[in-house]
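Chemist: no sequence on this one, just coordinates:
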């Protein structure tokens, strides 16, 4: 019984690993996926910079600080990075979805 469970777990692990490597080696998908995640990480860094900006620190806490942070130049950069990441990640999967339909 325990041997069967170990065999099924090993087969499931091999299946997941092989499909992951097939995804990475399927052409541009791996690089585009990594680029999209890199853009998301940069957007996260920019989000932290937005709420630590001079304008946000000068405003009182609460809604005023949020409004001051979202009107700063860092917020514009963060919004562009988030938009770029969503476009890159959606373009990565668009041809597959059209081919499957």
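Modeler: Good, I have the coordinates. Worth saying up front: this structure is predicted, and the values here are computed from it rather than measured. Numbers count the residues shown, from 1 in each chain.
Chemist: would you mind finding the longest helix in this structure?
Modeler: If you go by DSSP state H, the chain has its longest helix at helix 73-100.
Chemist: buried residues in that one?
Modeler: 74-75, 77-78, 81-82, 84-85, 88-89, 92 (16 or more other CB atoms under 10 Å). (Glycine included, C-beta is placed from N, CA and C.)
Chemist: of those residues, which is the nearest to residue 20?
Modeler: Using CB to CB, residue 92 is the member of these that lies nearest residue 20, at 15.1 Å.
Chemist: per-residue confidence at that closest one?
Modeler: Here the pLDDT value assigned to residue 92 is 73.
Chemist: now it: closest residue in space that isn't a chain neighbour?
Modeler: residue 32 (4.3 Å; CB to CB, 6 or more residues apart in numbering).
Chemist: give me the distance between that neighbour and residue 42.
Modeler: Using CB to CB, to the nearest Å, residue 32 is found at 16 Å from residue 42.
Chemist: for residue 34, give me the pLDDT.
Modeler: 85.
Chemist: measure it to residue 40 for me?
Modeler: 11 Å.
Chemist: who's more crowded, those two?
Modeler: A direct count of neighbours by other CB atoms under 10 Å for residue 34 and residue 40 places residue 40 higher, at 17 against 13.
Chemist: just the element for the more buried one, please.
Modeler: helix 29-51 (DSSP states H and E).
Chemist: elements contacting whichever helix or strand comes after that helix?
Modeler: For helix 29-51, the following helix or strand on the C-terminal side (DSSP H and E) is helix 54-58. If you count contacts as 3 or more CB pairs under 8 Å, 6 or more residues apart in numbering; DSSP states H and E, helix 54-58 packs onto helix 63-70.
Chemist: run the chain-centre distance for the helix it packs on.
Modeler: 25 Å (CA atoms, centre = their mean, to the nearest Å).
Chemist: do stretch 72-85 as well
Modeler: 14 Å.
Chemist: where does pLDDT dip in this protein?
Modeler: For the chain, applying pLDDT under 70 flags the ranges 24-28, 94-101.
Chemist: before we move on, the earlier item: now the buried residues of helix 73-100 as JSON lines including distance to residue 17?
Modeler: Converted to JSON lines, these look like this (distance: CB to CB, whole Å):
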{"residue": "74", "distance to residue 17": "40"}
{"residue": "75", "distance to residue 17": "40"}
{"residue": "77", "distance to residue 17": "37"}
{"residue": "78", "distance to residue 17": "35"}
{"residue": "81", "distance to residue 17": "31"}
{"residue": "82", "distance to residue 17": "31"}
{"residue": "84", "distance to residue 17": "30"}
{"residue": "85", "distance to residue 17": "26"}
{"residue": "88", "distance to residue 17": "25"}
{"residue": "89", "distance to residue 17": "23"}
{"residue": "92", "distance to residue 17": "21"}
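Chemist: I'm done for today, thanks for sticking with me.
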